[in-house]
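Q: The sequence and its predicted three-dimensional model are supplied below.
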Amino acid sequence: MRFILAIDQGTTSTRAILFDQNLKVAAVSQQEFPQHFPASGWVEHDAGDLWTSAAGTARAVIEKARIKATSIAAIGITNQRETSVLWDRATGKPLARAIVWQDRRTAAFCAELREAGHEAMITERTGLLLDPYFSGTKLKWLLDTIPDARARALRGELAFGTVDSWLIWNLTGGRSHVTDATNAARTMLFNIRTNQWDKDICALLDIPMALLPEVFDCAADFGRSRADLFGHEIPILGVAGDQHAATVGQACFTPGMMKSTYGTGCFAMLNIGRDFVTSKNRLLTTIAYRLNGETTYALEGSIFIAGAVVQWLRDGLKIIRDASETQPLAIAADDTQHLVMVPAFTGLGAPYWKPDCRGAIYGLTRSSGPKEFARAALESVGFQTRDLLDAMRADWGMAEDAILRVDGGMVASDWTMQFLADILGTSVDRPEMTETTALGAAYLAGLQAGLCPSPQDFAKNWALERRFDPKMDAGARADKYARWVKAVQATMMVT
Ligand SMILES: Nc1ncnc2c1ncn2[C@@H]1O[C@H](COP(=O)(O)OP(=O)(O)O)[C@@H](O)[C@H]1O
Ligand SMILES: O=P(O)(O)OC[C@H](O)CO
């Protein structure tokens with residue numbers, strides 16, 4: 001039996017999952033690492049933690065499965081996207097902590113660029129909007145604030161990378177400075193039409209191009225792990241940003257297919273095929289995946305707070321001890337109350353893009369309590385997804401009966417999935433395999449290794465665990481959604 005090692009480096013934890021050659025999970029290892037919040041709206045990770053947790057979980061999973069590293073045919077990597085690392089090529093040491101995708105410190109600079117009229121050009125080339133979410137302005141901030149960094153970058157002494165690049169650099173002992181097209185697509189420095197780093201945008205942000213990694217397809221030869229890490233060199237053959245890997249893991253290979261992943265945030269992706277489409281409704285255009293040099297595009301809606309609102313009920317309000325307690329509370333909530341929660345804790349993402357907006361709750365009465373808060377929190381995830389799907393429908397002629405495939409930790413909540421189907425008016429499919437992100441990375445690596453079948457055949461293995469069909473009547477759906485729309489408008493006005 002041969003195995004594929006998938007490393008899923010996420011925002012709050014790193015997971016290593018060992019798949020057998022039939023893509024069945026053989027063992028899992030997970031490790032959390034510290035989050036750093038040095039100032040309001042700032043979020044950092046110690047890049048060393050990202051690497052040691054990846055290496056540690058990878059070693060642990062091999063031990064757990066009691067297999068020899070020689071039976072691992074390939075490594076697949078998937079990662080939190082946009083998070084930016086700058087390191088010294090000679091020492092391999094990061095120059096600062098990684099700036100995480102959630103970090104808002106470059107909001108003012110993004111506003112300046114917008115006011116100077118640069119947004120249309122950036123969107124036309126990168127598919128992205130001017131928001132601190134993406135790597136470009138984070139890298140500029142690092143170069144502006146670390147003494148001597150820009151001069152050293154110009155001399156070719158430094159390397160920039162998203163987390164995949166950083167992990168591959170370390171796995172290969174500094175032999176490979178590479179990334180894949182999906183991660184490059186999130187930097188705001190990569191032209192996703194020509195599949196090249198964009199000289200003009202790099203010049204606009206004063207970013208020396210010598211910093212940038214070489215960009216490969218998602219299934220490619222990214223280098224080999226150092227022999228001393230696992231006792232044997234293992235080729236790295238698959239790489240994709242986590243939402244792109246989930247799109248692959250959910251087998252959304254046909255235009256019109258879409259998935260939504262509910263972890264800390266929520267990220268919906270609609271496969272739009274081989275043609276670039278610019279969103280007219282404030283969605284992002286991105287590379288779903290690139291295989292054999294052929295780019296498949298997607299429209300993406302990114303919501304910053306989904307499962308994190310449940311974490312807030314647990315850690316902030318302390319009205320639950322475990323995420324699963326939200327479901328019985330939501331079921332028991334008073335139907336006559338209409339609480340609406342807008343969880344804009346770190347600003348609003350798609351389709352509003354308001355980095356400075358903050359959250360709000362509407363409709364409070366003397367009898368509002370934990371039950372109503374829990375229901376409003378779970379409903380906020382459905383409402384936000386509806387915003388995205390409406391924008392997708394307006395941008396791209398999606399079939400009326402298009403089905404949404406879901407994954408991520410929050411899909412364990414049946415109540416939330418039923419509400420999602422109800423408020424979307426669309427069926428929601430929950431697959432048997434919910435570790436779709438790691439599965440996608442393993443599949444890409446297995447494809448390159450010659451172990452996995454074609455995308456069409458892989459798609460046949462996708463198995464439904466449960467379908468949630470819409471049950472809410474159209475009038476109730478319209479009323480509820482109208483209340484959400486008003487609440488978001490009011491929140492944007494006030495904060
Ligand atoms: N039964 C549940 N009901 C509601 N939310 C849940 C449930 N189980 C997990 N979650 C939420 O899902 C998130 C964890 O999902 P996961 O996919 O592991 O996230 P990430 O990869 O972003 O760390 C947490 O924010 C948690 O609050
Ligand atoms: O690590 P996750 O699952 O929260 O995903 C983060 C996204 O890739 C950010 O764009």
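A: The structure has been received and is ready for your questions. Ligands and ions are numbered 1, 2, ... in the order given.
Q: what's the longest helix along the chain packed up against?
A: Across the chain, the longest stretch assigned as helix under DSSP state H is helix 370-395. For helix 370-395, the packing partners by 3 or more C-beta pairs under 8 Å, 6 or more residues apart in numbering; DSSP states H and E come out as strand 258-262, strand 266-273, strand 294-303, helix 307-311, helix 326-332, strand 340-342, helix 414-424, helix 474-494. C-betas here are computed from N, CA, C, even on glycine.
Q: nearest to Gln243, of those?
A: strand 266-273 (4.3 Å; C-beta to C-beta).
Q: Tell me the buried residues in that closest one?
A: Across strand 266-273, burial judged by 16 or more other C-beta atoms under 10 Å covers Cys266, Phe267, Ala268, Met269, Leu270, Asn271, Ile272.
Q: contacting residues around the residue nearest to the last one when sequence neighbours are not counted?
A: In this case it means Ile272. Residue nearest to Ile272 in three dimensions, not counting chain neighbours: Tyr297, with 5.1 Å by C-beta to C-beta, 6 or more residues apart in numbering. Residues near Tyr297 by C-beta atoms under 8 Å, 6 or more residues apart in numbering: 127, 192, 271-277, 285-288.
Q: How far does the longest helix of the chain sit from its chain's centre?
A: 18 Å (C-alpha atoms, centre = their mean, to the nearest Å).
Q: Take the helices and strands packed on helix 370-395 and write them to TSV, including distance to Ile319.
A: Below are the helices and strands packed on helix 370-395 laid out as TSV (distance: least, C-beta to C-beta, whole Å):
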stretch	distance to Ile319
strand 258-262	20
strand 266-273	22
strand 294-303	22
helix 307-311	11
helix 326-332	8
strand 340-342	13
helix 414-424	16
helix 474-494	21
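Q: With mean pLDDT and distance to ligand 2 added, can I get those in JSON lines?
A: Formatted as JSON lines, the helices and strands packed on helix 370-395 follow (pLDDT from 0 to 100; distance: least, C-beta to the nearest ligand atom, whole Å):
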{"stretch": "strand 258-262", "mean pLDDT": "95", "distance to ligand 2": "7"}
{"stretch": "strand 266-273", "mean pLDDT": "96", "distance to ligand 2": "6"}
{"stretch": "strand 294-303", "mean pLDDT": "96", "distance to ligand 2": "6"}
{"stretch": "helix 307-311", "mean pLDDT": "93", "distance to ligand 2": "9"}
{"stretch": "helix 326-332", "mean pLDDT": "97", "distance to ligand 2": "19"}
{"stretch": "strand 340-342", "mean pLDDT": "97", "distance to ligand 2": "20"}
{"stretch": "helix 414-424", "mean pLDDT": "97", "distance to ligand 2": "17"}
{"stretch": "helix 474-494", "mean pLDDT": "95", "distance to ligand 2": "21"}
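Q: Out of those, indicate the one that is most buried.
A: strand 258-262 (a mean of 27; mean count of other C-beta atoms under 10 Å).
Q: Restrict that strand to CA atoms and write it as PDB.
A: Provided in PDB are the C-alpha atoms of strand 258-262 (Å, rounded to 0.1, in the frame of the first residue of the first chain):
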ATOM      1  CA  MET A 258     -20.000  25.400  -6.000                       C
ATOM      2  CA  LYS A 259     -18.800  24.700  -2.500                       C
ATOM      3  CA  SER A 260     -18.800  26.600   0.700                       C
ATOM      4  CA  THR A 261     -16.500  25.900   3.600                       C
ATOM      5  CA  TYR A 262     -17.500  26.800   7.100                       C
END
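Q: And Glu465, how far from Pro431?
A: Going from Glu465 to Pro431 by C-beta to C-beta, to the nearest Å gives 6 Å.
Q: Looking at the two, which is more packed in?
A: Pro431 (21 against 11; other C-beta atoms under 10 Å).
Q: so the more buried one touches Ile403, yeah?
A: No: between Pro431 and Ile403 there is no contact, the gap being 11.5 Å when judged by C-beta atoms under 8 Å.
Q: How about the contacts made by Leu211?
A: Residues near Leu211 by C-beta under 8 Å, 6+ apart: Leu86, Leu139, Ala153, Leu158, Ala159, Phe160.
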